[in-house]
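[1] Return atomic coordinates for the entry below.
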Amino acid sequence: MNKFKFDLISILGIVLGLSAILVGQALEGGHMGSLLQFTAFMIVIGGTLGAVMLQSNMRVFLEGLSMLKWVFQPPRIAPRETLELILEWSHQARRGGLLALEPLIEQQSDLFHRRGLQMLVDGAEPGVLRETLEVDLQAYENHHIEAAKIWFAAGGYSPTIGILGAVMGLIHVMENLSDPAKLGSGIAVAFVATIYGVGGANLLYLPISGKLRYWVGRQVSDKELFIQGMVAIANGENPRIIEAKLQGYLS
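    Numbers count the residues shown, from 1 in each chain. Predicted coordinates:
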């Protein structure tokens, strides 16, 4: 996967979802401007953001925001390259022993790969190697899943905050009952907050959470491939056998 390749389906999904609502509004004779209300936007976005911040710690919250770019520019995941790397190391280890891999340690930009290769060169038992790398993998997965959950949490809070904004708008309308000419437009404005809340949750926050968790799962699968390969090298298995065992990860 190209490092700078954009996820076209995410872009199309957002465009299609928003277009369907706006076109539907126009077909019903509504005005686009009636959906643009800064006060409602401020209530819903600010309230949702505050609720999510309250339930999260700073590290998880910032990581969740940072992961947003994955929706449009996915992280680089190349299981075939990982498999080829494992096979290359396996051939070198069979020819020159595990110590022949030591010069390759500093060449690894991926810290997970570097840690696994260092343990392999140091002669770690296969069971210890697997256990150590799986602990690292579990910590990585837990942290990133928790970070992705801030968007799921936003999807839960947003509709309720939208209803709160609508109720606040209706209170304002009730305070101006002496001017019936303003009631219709005032009620319409009040319910825009509900649209922002429900629409934001179902068109953005929940899908974003799902997409981020998908990419975390893909990364975990790639790291599991690496762990299985490293353990196989530590066991001295034949490269052809290793390749056959790990082919399933490429699907």
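[2] what about Trp151, how many neighbours?
    When neighbours are counted by other C-beta atoms under 10 Å, Trp151 registers 25. All C-beta spots, glycine's among them, are computed from the backbone N, C-alpha and C.
[3] same question, Leu27
    8.
[4] show me the contacts for it.
    Listed by C-beta atoms under 8 Å, 6 or more residues apart in numbering, Leu27 has no contact partners.
[5] where's it relative to Ser19, distance?
    Distance of Leu27 to Ser19, given as C-beta to C-beta, to the nearest Å: 12 Å.
[6] Kindly report the same for Pro207.
    Separation of Pro207 from Ser19 (C-beta to C-beta) stands at 15 Å.
[7] Give me the more crowded residue out of the two.
    Pro207 (18 against 10).
[8] List the residues that contact the residue nearest the centre of the chain.
    Nearest residue to the geometric centre of the chain (C-alpha atoms, centre = their mean): Leu212, 1.8 Å. Leu212 sits next to 64, 67-68, 70-71, 144, 147-148, 151 when contact means C-beta under 8 Å, 6+ apart.
[9] Just the buried subset of the residues you listed, please.
    Burial by neighbour count, 16 or more other C-beta atoms under 10 Å: within the contacts of Leu212 this picks out 64, 67, 70-71, 144, 147-148, 151.
[10] Can you tell me the SS state at the residue nearest to the centre of the chain?
    Judged by DSSP: H, G, I helix; E, B strand; the rest coil, the three-state class of Leu212 is helix.
[11] gap between it and Val220?
    13 Å.
[12] So which of the contacts of Leu212 sit within helices?
    In this view, those that belong to helices under DSSP state H are 64, 144, 147-148, 151.
[13] would TSV of the residues you listed with pLDDT and distance to Gly197 be doable?
    TSV is the format used below for those (pLDDT from 0 to 100; distance: C-beta to C-beta, whole Å):
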residue	pLDDT	distance to Gly197
Gly64	96	20
His144	96	27
Ala147	96	23
Ala148	96	21
Trp151	97	15
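[14] Can you pick out the most distant pair from the residues you listed?
    His144 and Trp151 (12.2 Å; C-beta to C-beta).
[15] Let me know the pLDDT of Asn2.
    Looking at Asn2, its pLDDT is 44.
[16] To what extent is Ile43 buried, counted in neighbours?
    Around Ile43 there are 21 residues (other C-beta under 10 Å).
[17] oh, I was asking about Phe152
    Using other C-beta under 10 Å, Phe152 has 19 other residues around it.
[18] Might one say that it is in contact with Tyr205?
    Yes - assessed by C-beta atoms under 8 Å, Phe152 is found in contact with Tyr205 at 7.2 Å.
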